[in-house]
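S.K.: prediction below, plus the sequence it came from.
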2 protein chains.
Amino acid sequence: MKEGPDIAQIGALIGDPARANMLAALTGGRALTATELAGVGGITLQTASTHLAKLEAGGLLSQRKQGRHRYFTLADEAAARLIESMMGFAAGRGHLRHRPGPKEPALRKARICYDHLAGDYGVRMLDSLIASGAIEAVGEGLALTEKGESDLARIGIDVGNLRSSRRPLCRSCLDWSERRAHLAGSLGKALLASFLDKGWARRTAESRSITFSPEGDRQFLRLFPVEM
Amino acid sequence: MKEGPDIAQIGALIGDPARANMLAALTGGRALTATELAGVGGITLQTASTHLAKLEAGGLLSQRKQGRHRYFTLADEAAARLIESMMGFAAGRGHLRHRPGPKEPALRKARICYDHLAGDYGVRMLDSLIASGAIEAVGEGLALTEKGESDLARIGIDVGNLRSSRRPLCRSCLDWSERRAHLAGSLGKALLASFLDKGWARRTAESRSITFSPEGDRQFLRLFPVEM
DNA sequence: TTCATAGTTCGATCGTAACCGAAGCATTGT
DNA sequence: ACAATGCTTCGGTTACGATCGAACTATGAA
């Protein structure tokens, strides 16, 4: 009965609390150094180093050295989606790490999921794009319409440019806090990037959460209204 | 930095080889007793019992007792999809449990994935359904067309009946051996059930693989041709 | 009743892996 | 050249959990 892929290996990799914390932190999208990751894992640098080596060998992480720092990121989008899907499953079963803390609400409102917007705002954005006919939804699949392409051009997003990448334009990603889909893919990435670029929102220092400025908040809600 | 769901818990659950083997076996869809699962896990009954209790507490398994037996199955489709997605990731990284064995080819050709057809035949079936216009694909999403509904009625599948269930009709599921999508959802389940019912194929005793009879093989290939 | 099969619980053993201190490289800055 | 920072490797300790034997409960059969 030893058929098929070895899920125990990656399960064990994710199964250690220190490693899981590091992976969760990296879902925030920014590259972190070994020392920073040791911090989020609650362990010393030595221990973190061996953990990171294992995660890299297992194909979950990739590193690039820059000067005397070593920056770690999730290996690719597939790794990010695996972690996110595990979060979704865990959240659905009530496996939370503690009772909701002070930072929790901010995290539920808007956060980074690898490289796109998640949380209440992420779900709202996708809902609004579908309601306005910019994106067409079939089952779990998403496709940008012609109307969507021109709508997006108007707010400064060049879709033609995004198409050239091998990565899918639209992808739906299950949000673990909202339990509904939000927009991933290169378009999801581009939208978040534009919000940050416009100064509507910024990433918080040591967390996955995203904070909107009062002005940015207003613009965002105007751009992506909820239908009644 | 202790935000969000606890992925370490379920990671650790899947991370033990014995438990992972049991879960993989249960992906075959049929309910197995504790003794059988002890067998696939390569452990004694006592050990298996504690493992199964943990898996159930973690929300991955559910059991129903029947006489003096205790039948275990994956808790629900979400659990099945989590396992499958981990298999997909593991296979993509080359984390195999051994060099391809004798049973491997049969498994790659046709196997059960929770309750629907997977492997080469599963992928072929979906490809053919899309090519014939029975199913429309948008991104990762799948939708049955009117033509598809009448096509299916002709081979004895009542789609209206399936729609009444809360479960989605069409779902795409990533195949770990083919690395492409096959058809899941209640329609995927119904199709496999009809093949088994017609005697075209049958499940093998102790494995996830499915064997087609010569006649069933011919019928299947006629029904789901590959376009050139 | 008695026996057999299926499964759980307890207790003890044992192995592995997480962990950290200390020492060793590598890179940058002065 | 020297010091400081970032990270890795080595060695030894420790703790947790997987494992099984043995005893116990439950269901079914003779």
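M.R.: That came in fine, so what should we check first?

S.K.: drop to CA atoms for contacts and neighbour counts, all remaining ones
M.R.: Will do.

S.K.: contact partners for the closest residue to A:His69 other than its chain neighbours?
M.R.: The shortest distance from A:His69 to any residue other than its chain neighbours is 6.4 Å, reached at A:Thr33 (CA to CA, 6 or more residues apart in numbering or on different chains). Counting by CA atoms under 8 Å, 6 or more residues apart in numbering or on different chains, A:Thr33 touches A:His69, A:Arg70, A:Tyr71, A:Phe72.

S.K.: would you agree the third one is in contact with A:Leu61?
M.R.: Put plainly, it is A:Tyr71. No. Assessed by CA atoms under 8 Å, A:Tyr71 is found out of contact with A:Leu61, at 10.2 Å.

S.K.: Serialize the contacts of A:Thr33 to TSV and add fields for pLDDT.
M.R.: Below are the contacts of A:Thr33 laid out as TSV (pLDDT from 0 to 100):
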residue	pLDDT
A:His69	92
A:Arg70	94
A:Tyr71	96
A:Phe72	97
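
S.K.: need those residues in JSON lines (columns: secondary structure).
M.R.: Shown next, in JSON lines, are those (DSSP: H, G, I helix; E, B strand; the rest coil):
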{"residue": "A:His69", "secondary structure": "strand"}
{"residue": "A:Arg70", "secondary structure": "strand"}
{"residue": "A:Tyr71", "secondary structure": "strand"}
{"residue": "A:Phe72", "secondary structure": "strand"}
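
S.K.: of those residues, just the buried ones, ChimeraX syntax please.
M.R.: Only the buried entries of these go into this ChimeraX selection, using 16 or more other CA atoms under 10 Å in any protein chain shown:
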select /A:71,72
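
S.K.: identify the bridge partners of the residue nearest to A:His69.
M.R.: A:Tyr71 (DSSP bridges).

S.K.: tell me how far it lies from A:Tyr71.
M.R.: Look at A:Thr33 and A:Tyr71: by CA to CA, to the nearest Å, they are 5 Å apart.

S.K.: circling back to that earlier point, nearest to B:Asp115 among the contacts of A:Thr33?
M.R.: Using CA to CA, A:Phe72 comes nearest to B:Asp115 of the contacts of A:Thr33, at 38.7 Å.

S.K.: and for that closest one, nearest residue in space, chain neighbours not counted?
M.R.: Nearest one to A:Phe72, counting by CA to CA, 6+ apart, is A:Gln63 at 4.4 Å.

S.K.: okay, now the unreliable bits of chain A?
M.R.: By pLDDT under 70, the weakly predicted segments of chain A are A:1-3, A:98-103, A:228.

S.K.: one more pass at 80, please.
M.R.: A:1-4, A:95-104, A:205-206, A:227-228 (pLDDT under 80).

S.K.: torsion angles phi and psi at the closest residue to DNA strand C within it?
M.R.: Distance from DNA strand C to each residue of chain A (CA to the nearest atom of the strand) is smallest for A:Gly67, at 3.2 Å. Dihedral pair for A:Gly67: phi 60, psi -140, per degrees, to the nearest 10.

S.K.: how deep is it tucked in, by neighbour count?
M.R.: 7 (other CA atoms under 10 Å in any protein chain shown).

S.K.: A:His51 and A:Arg19 touch, don't they?
M.R.: Yes. Contact status for A:His51 versus A:Arg19: in contact at 6.5 Å, counting by CA under 8 Å.

S.K.: tell me which of the two has more neighbours.
M.R.: Legend: neighbour count by other CA under 10 Å for A:His51 and A:Arg19, higher for A:Arg19 (24 against 20).

S.K.: OK, contacts around the more buried one?
M.R.: A:Arg19 neighbours (CA under 8 Å, 6+ apart): A:Leu13, A:Gly41, A:His51, A:Leu52, A:Leu55.

S.K.: what about it, distance to A:Glu56?
M.R.: Taken as CA to CA, the span from A:Arg19 to A:Glu56 is 11 Å.

S.K.: so how far is chain B from the residue nearest to A:His69?
M.R.: To chain B, A:Thr33 is 15 Å away according to CA to the nearest CA, to the nearest Å.

S.K.: need the longest helix for chain A.
M.R.: Counting by DSSP state H, the longest helix found in chain A is helix A:77-92.

S.K.: could you pull out the buried residues of that helix?
M.R.: A:79-92.

S.K.: who does the most centrally placed residue in chain A bridge with?
M.R.: Geometric centre of chain A, nearest residue: A:Cys113, 1.1 Å, by CA atoms, centre = their mean. For A:Cys113, the beta-bridge partners are A:His116 (DSSP bridges).

S.K.: so what's it up against?
M.R.: A:Thr27, A:Gly28, A:Gly29, A:Glu84, A:Arg208.
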